[in-house]
Structure formats: C-alpha cells, structure tokens
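Novice: sequence first, then the predicted structure:
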There are 2 protein chains.
Amino acid sequence: MTQGLLHPSMGLEDAVLLRNGSDRLHVAPDEPRRDENSDGPQVSCFDLARLLERSSRRFSGLIGAELTRRGVDDIGPAQVMVLLAIGDTEVSVGELLDRGNYVGSNISYYLKQLTDGDYIERVTSQRDRRSARIRLTERGRQLCADLRDAAKAFERSFCVEQDLRDLATAFQALHRLELMWANAARYGV
Amino acid sequence: MTQGLLHPSMGLEDAVLLRNGSDRLHVAPDEPRRDENSDGPQVSCFDLARLLERSSRRFSGLIGAELTRRGVDDIGPAQVMVLLAIGDTEVSVGELLDRGNYVGSNISYYLKQLTDGDYIERVTSQRDRRSARIRLTERGRQLCADLRDAAKAFERSFCVEQDLRDLATAFQALHRLELMWANAARYGV
DNA sequence: GAATTTTACTTCAAATTTTGAAGTAAATTA
DNA sequence: TAATTTACTTCAAAATTTGAAGTAAAATTC
C-alpha cells in the first residue's frame, strides 16, 4: 500500500540509526501495535499527533540547516513557514491566521520580523483600510524559490514515483483529520 | 480514495467556517494546485509541512482544552506529548529524545515538570547509573487513559471505518517521509 | 447621522518553550 | 590510570507564544 518511500539505496537499517548510543541502536520505537485480527495496524490520534510533532521538528531542522547553508541568519524556520503560507498571492493577516492556525499577536510578531528583513511588504488595503495586505518582496520570493529547488532536488534523489503519490495521500487524509479537529475545537469535543 | 473522514452530519461547508470574519468565509485556502495532466494533486514537502504544523497546533489546542476541562493546570499539551511518548513502558531519556526528536535540555525541562507534578517517576538504572529510567506514575497513567478515552469517544462520534484506515495510511506515509528527513539531516541534504 | 458595536489588526509585557554552552558523573577505551 | 565518550542536567540567553489592552476603520443601530 505504501511502499518505496525510501530510496532503494537506503534501507530501514540505516534509517533508524539516528543516534549512536551504545545500547540504543533500537528500531523505531513507536510502531503502533498491530491488532491481531485485522489487516491494518491500529493507529490512534495520539500516535499520529506525535508523529506530526516529530516530523515538524525534523522538517524545521532541515529548513534551519538550509538557511544556515545559504547564510540567511535574520529569520528562522518559523518565519519561513509564514513565507510559504503567504505564497505567490497577496493575502490579509486574517487569511494567514486561518492558513496556519496562528494566533493574531503571533503572526504580527513574525510579520514584523519579515518586514524588517525585507522578505515581505505590507500595503494597507484601499477597500478596507483596517486590513493589511501582505505580499512577498523579491527577496522573499527568491528565498522561497531557492528552498523549493532544494526540496525538488531532495525529492528527485530520494523519492520514487510511489512516494509522491503517498505524499498526496497523506496530505489528503491529514487535511480531513485537521478539519475534524478544527470542528471539534469549535463545537467543543 | 480518501472519503468519509468527516461525519455524515458535518459537511465541508461547516468545516471551513473556522473564523467568522465578514468577508473571509472562504474555503480552505491551501488546497494544493492540481496538475492538469495528472490524476492526483501535486503535493510538495512544503504543503505537507505546513499542514503538519497546523494540524499539530490544532491538536495541541484540543489537548489543552481537554486538560482545562479536567482541571489539570500544572502541565500543558507539550508535557502530555511527552507522557504519551513514554507510554506504558520504562524508557531512558535517550529513548525519549529519539521518539520525539527532542533536544536534550528540552526533555530535561519537561521531565522535571512532570516529576514535580507527580506524573512520572525516575529511577537511576542499576545497570548504567548514568542513565535515568522513566515511567509513568499512577497519576500519569490515569491521565493518559482518560485522554485516550476522550479520543476514542471522539473517533466513535466523528469517524467512520474509512477514516481509521486513512489514519493508518497517513501514518505510514508520514512515517516514511520522516525517516527520509531524518536521513537528510544526518547525511546533509 | 451620531453612538455603538464589530472587525482587523498591533503593541506590550509576561509566561512558556527552545537552544546551546557548560557542567557532572558514570562507563568505556587506550 | 588517564583520556574519552556517553548520558544526562543545569543555567542563562534567545525565541516563541499567549493574552490583555489598545487603535483605527468599517458596519450597525438608534
């Protein structure tokens, strides 16, 4: 169902050797337990949520490293995520709040840094002068493009066709789950 | 492929009404663009990573709310994630680091809080007296059990069979991606 | 059309979380 | 037995997140 997300040249054996403690060369410790009389493993919200967190941290680390490599030191991974959330279009702060499920004051803080670093520019909307319209500057656009290139290169060297389909599958399933969580939050449980 | 993650009684229309701004009743703003001549949507690492972040935040919010409901106010969602990472077994700090991709000093900080709140207990291993063995106390176990019950109840009322399979699918695909990211970090790009 | 309410943000200060550079003490290796 | 490595902890600084005001511009109500 979900084969081949690892490059042929890189087996699971390598993959799990993430720390090299003497007696901790264990396999990934959080495989959800298999249900004896079923054909798929049981996965709880919690299993998944932990995986989400861990993956996010992992990804942030990667972005951070990439920023360092590029000599970008005025913003970090968190700010990059905001840049990516903005994308190619012009958005309002409110839209960003939705997109990332951010808190208002938090986004304000990031946007200030991004403005200071000249990654975005803000124009107050003519239609509604309360609302700030945000768009990437050339610098912001360039950084995003560079990161996208790096990601593409990564995908090319590590992913096979099936991986990309799996990515899409994971995305869709997660997206739906996220909507459920959002509704749970709204309607209380 | 991935149908039914929403309860029949709750349509997409409701699902996206997450904020009630006057002119921002838009549909989810980050659908990945469809590639004209392909049968599945193109999803980049970044699309997925943003979804991971957002979902995590959403989930943390849910856990936070649940803690408040239960009158637990000495720990937050982040600490709960550590409890869940510990699980039913006795683990070392190093194992936790792997499990959550945490930073050492960070876990130390959480463990201290959890010890203070009597959610976990630490015993120095006899075999290797440098290494702390951690396990849940009755209180920690109870909290986890309660949360699991709440999650089960949520799943029962909001998920159909297909949803649970999708959860498993998402988990597997993500897990593999995470391994790739981990290796990318290790081997540099 | 003036007063009120709501929306769309921003600011600030406090709390929380994360990081990194030491440190400690126990194993391991040379 | 000395040097190194491992498995953590501590501390202080930095980054992030939160929440309670605040501001100013719509939109609504009277």
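Specialist: The structure has been received and is ready for your questions.
Novice: low-scoring pLDDT stretches of chain A, where are they?
Specialist: Scanning chain A with the threshold set as pLDDT under 70 gives A:1-40, A:188-189.
Novice: from the centroid of it, which residue is nearest?
Specialist: By CA atoms, centre = their mean, the mean C-alpha position of chain A lies nearest to A:S56, the distance being 5.8 Å.
Novice: hmm, the longest helix seen in chain A in reach of chain B?
Specialist: Using DSSP state H, we find that the single longest helix of chain A is helix A:161-187. Yes - judged by CB under 8 Å from any CB of the partner chain, helix A:161-187 and chain B are in contact via A:163-186. For glycine as for every other residue, the C-beta is placed from the backbone atoms N, C-alpha and C.
Novice: please apply the same query to stretch A:80-90.
Specialist: Yes - using CB under 8 Å from any CB, stretch A:80-90 comes into contact with chain B via A:81, A:84-85.
Novice: that stretch: which residues count as buried?
Specialist: Across stretch A:80-90, burial judged by 16 or more other CB atoms under 10 Å in any protein chain shown covers A:80-87.
Novice: same check, this time on stretch A:60-80
Specialist: For stretch A:60-80, a neighbour-count test (16+ other CB under 10 Å) marks A:60-64, A:66-67, A:72, A:75-80 as buried.
Novice: hmm, who's touching it?
Specialist: A:59, A:81, A:110, A:113-114, A:116-117, A:119, A:143, A:146-147, A:150, B:101, B:181, B:184-185, B:188 (CB atoms under 8 Å, 6 or more residues apart in numbering or on different chains).
Novice: then stretch A:112-119?
Specialist: A:74-75, A:79, A:82-83, A:120-122, A:136-137, A:139-140, A:143.
Novice: which among the residues of helix A:161-187 next to chain B count as buried?
Specialist: A:163-185.
Novice: and the helices in chain A?
Specialist: A:12-15, A:45-69, A:77-86, A:93-100, A:104-116, A:138-158, A:161-187.
Novice: now check the fifth one, is it near DNA strand D?
Specialist: Right, the one you point to is helix A:104-116. Yes - with CB under 7 Å from any atom of the strand as the criterion, DNA strand D is reached by helix A:104-116 at A:104-106, A:109.
Novice: buried subset of those?
Specialist: Using 16+ other CB under 10 Å, no member of these is buried.
Novice: kindly indicate which of those lies nearest A:S157.
Specialist: A:N106 (35.1 Å; CB to CB).
Novice: pipe the buried residues of stretch A:80-90 into JSON lines and attach distance to B:Q126 per row.
Specialist: Below are the buried residues of stretch A:80-90 laid out as JSON lines (distance: CB to CB, whole Å):
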{"residue": "A:V80", "distance to B:Q126": "46"}
{"residue": "A:M81", "distance to B:Q126": "45"}
{"residue": "A:V82", "distance to B:Q126": "49"}
{"residue": "A:L83", "distance to B:Q126": "51"}
{"residue": "A:L84", "distance to B:Q126": "49"}
{"residue": "A:A85", "distance to B:Q126": "50"}
{"residue": "A:I86", "distance to B:Q126": "54"}
{"residue": "A:G87", "distance to B:Q126": "55"}
